[in-house]
Each structure stands twice: as structure tokens, then as C-alpha cells.
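sequence unknown, structure follows:
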Ligand code: PMP
């Protein structure tokens, strides 16, 4: 029997996450995790926290973590909002700022698919702006006349899954050109060579920057993300979170994220290793005949002119290597490959060499 909610359920088009395989022995290059693991200081701090006991509730405001992040980014604590992963922060942004705005949210047609998922979920009108032929974001396309001032422009920078970065001057141009629009810059991958739009916050109070501990800090399993912006925007996010009585970060996550953020040395060391491995991987893929988009992320986006992406991904899986594929038009033949350790990248290169052997 069809119930009144059947149509609603059918219309919910949830985000499809990358595969998290249950079997061991797979080289996971499909969800952009960091191959090096978190800072040993963070692990020690979390262990100590557990040993102390978890009897007491956590600090609902994650004060110590916020203070560390504010200090590190040269901001005030009231410019930092913490969430359980940046996906949760993004959900609060959509809920708090766009749900009742009655104005469209602009986003690239090829970007992190969560933005579309949230737009659909909250019935926020969305306007997809096609990427240029070379897969770059073309800022002028966002400054065109849409008949109505958009509520927001949202994109990942570096963009996902392309890896291509929009320069800060272009983000500045967006913020200046659309002062009554919120510019949400999702910098999940910014720390692998790109410049952060945090540098623009002092001049522009319509920019909100989103960060995560999942990639450059290698704490995807801990679920910590945060937003940086004007005190007013951050206050808005706090009000949304409090309205839901959303869980604050648990004690272990607060302590672990704080220690990870403060361990600059480990962070530098591992991010440099990933950036170097990326350059070698790109050279290897180019030699194998792939077209590789210029990436400043911890993944590369590449296609082979003679081979369908689906076939290559399936053949790699046979060899116990997982990479990510997308079925959207224009990118269906690309593979998104996470940058692993040099040894993992070599294993991928060897597998592809064998597969592409004439
Ligand atoms: N933004 C982008 C662009 C991402 O690729 C991801 C990871 N899938 C996220 C946000 C979410 O990261 P997390 O929730 O782990 O912080």
C-alpha cells in the first residue's frame, strides 16, 4: 500500500559516499584518506583522555580547540565554529542560511555532490554553473545577471573531484562583486599546496571558509570539521546547532583534534610527502598516456583517451586497488585517485602499466 510519505521518500536523493570496503587487502585510493595516519601526539593525547575516563560530558563549546584554531589562523575564537566533520558544518550552513532565503544557491555543475544533496533536501533552489572546457571555475559566470541576487555561491577549493584551484584573486572578485551573497569556500583539500581564503576574511565578511581534519590531519575517523568567518556568521551556525541540540565534539575528538592541529611539524612533514608523491604520480600517469588535470589536492583526476573509466576502475579492482569514479556527464571516463605513499603510488602505476600493455 502506498502511503503519503512514499513520494517524499522517493524524492530524497541522498549523497552516495565512496566505498568503504569490509575486506582487508585492498589498496584504498578512493576516498582521499591520508596514508600516514594522525600525529602521534594526537594519538597519545586521545589515549590519555580515555585513560582519564569519559565520565563527564564534553565541553559543549570545544573551547580549547577553538582557541587553538583561532590562534593558528590569526582569528578570534568567535570566528570559529566546530562540527562533527565538515559535512555536518555544511549541513548547518544550508539549514541556517539557505533554507528560507528564497534565493538560489549557485554552484559548479561538477563539484562536491553534497551541496546538491543538501539543496534538494532543504528545497533550496539551486543553479548549476558549468565548469569551463578545461574544468576550471569561471568567476565571470557567477557574476552574470541571474535576475535575483543568489543567497550563496558554494564550491570546493581545490575543487572536488577535479583538484583544480581557483586563485584567491578570483575569490576576492566574487566576494566584491556579490556583497549580498555568501561565498562558501570548502577548503577540505587546501593544505596540499593551495592558498586559503582565510586571508580574505579581514576584508570580506561575506566569505565563510570550511575546513576538515579528515585529510591533511588524517583524522577522517574522528569526525572533526570547522568553519571560519565573521562573528555574525559563526553566531548563526551556533544558533542552528543549538536549535537541534546537536552533539558537540566528544572529549576524545576535542583533545585529539587540538593536539593534531598544534603538531605543526608532523603536519608539515606528511603534507610535503603527499605533495611530492603527487608530482611523481602525475608524471607516471602522464607517461602512461593519461590526461591529468592540474591538482593541488591529495588526489588526482585523470582519464585515458583510449580506455573507458569504468573498465579501468573495474580492472584495478580485480588487482585489489580501489579508485573513485563518477557517472556525471563530462567526467564519466575520469578516475579520481587518492595520493598514497610512494610505495602505494608505485603499486597503482605498476598495475596500470600492466593493464595498458599493448
Ligand atoms: N568537502 C569536500 C570537498 C570533501 O571531499 C569532503 C570529504 N568527502 C568533505 C567536505 C567532508 O569531509 P568530512 O565530513 O570528513 O570533514
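It's in. Since the structure is predicted, the reported quantities are computational estimates derived from the model, not experimental observations. Residues are numbered from 1 along each chain as shown.

quick one: pLDDT of residue 22?
For residue 22, the model assigns a pLDDT of 68.

What mean pLDDT does stretch 165-176 get?
Stretch 165-176 shows a mean pLDDT of 98.

which SS state does the nearest residue to residue 191 once chain neighbours are set aside fall under?
Leaving aside its sequence neighbours, residue 191 sits nearest to residue 216 (CB to CB, 6 or more residues apart in numbering; 3.8 Å). Glycine gets a C-beta too; all of them are placed from N, C-alpha and C. Local secondary structure at residue 216 is given as coil here, using DSSP: H, G, I helix; E, B strand; the rest coil.

Distance check, residue 216 against residue 82.
Distance of residue 216 to residue 82, given as CB to CB, to the nearest Å: 17 Å.

Look at these two and report which has more neighbours.
residue 82 (25 against 21; other CB atoms under 10 Å).

mind listing what that one touches?
For residue 82, the contact set (CB atoms under 8 Å, 6 or more residues apart in numbering) comprises 62, 65, 66, 69, 224, 225, 226, 248, 249.

Recalculate using a threshold of 6 Å.
Remark: with contacts taken as CB atoms under 6 Å, 6 or more residues apart in numbering, residue 82 is in contact with 62, 226, 249.

what about residue 162, which helix or strand?
With secondary structure defined by DSSP states H and E, residue 162 is part of neither a helix nor a strand.

how about the helices in the stretch 251-358 of the chain?
Shown for the stretch 251-358 of the chain, the helices assigned by DSSP state H, counting those that start in this stretch span residues 251-262, 264-287, 309-318, 342-355.

So which residues make contact with the last one?
Helix 342-355 is touched from outside by 27, 277, 281, 284, 288, 315, 316, 319, 321, with contacts defined as CB under 6 Å, 6+ apart.

From the ligand, how far out is the third one?
Counting by CB to the nearest ligand atom, to the nearest Å, the gap between residue 281 and the ligand amounts to 18 Å.

Leaving out the residues flanking it, which one is nearest to that residue?
Excluding the flanking residues, the one nearest residue 281 by CB to CB, 6+ apart is residue 345, at 4.5 Å.

can you list contacts of the helix or strand encompassing residue 242?
According to DSSP H and E, residue 242 maps onto helix 231-244. By CB under 6 Å, 6+ apart, the list of residues contacting helix 231-244 from outside reads 78, 79, 81, 92, 95, 96, 208.

7 Å instead, please
By CB atoms under 7 Å, 6 or more residues apart in numbering, the residues outside helix 231-244 that reach it are 78, 79, 80, 81, 92, 93, 95, 96, 97, 208, 227.

Look at the residue nearest to residue 281 and report its pLDDT.
Predicted confidence (pLDDT) for residue 345: 98.

Could you do residue 26 as well?
Each residue has a pLDDT score; the one for residue 26 is 91.

which bits of the stretch 1-150 of the chain sit near the ligand?
Counting by CB under 6 Å from any ligand atom, the residues of the stretch 1-150 of the chain close to the ligand are 85, 86, 87, 112.
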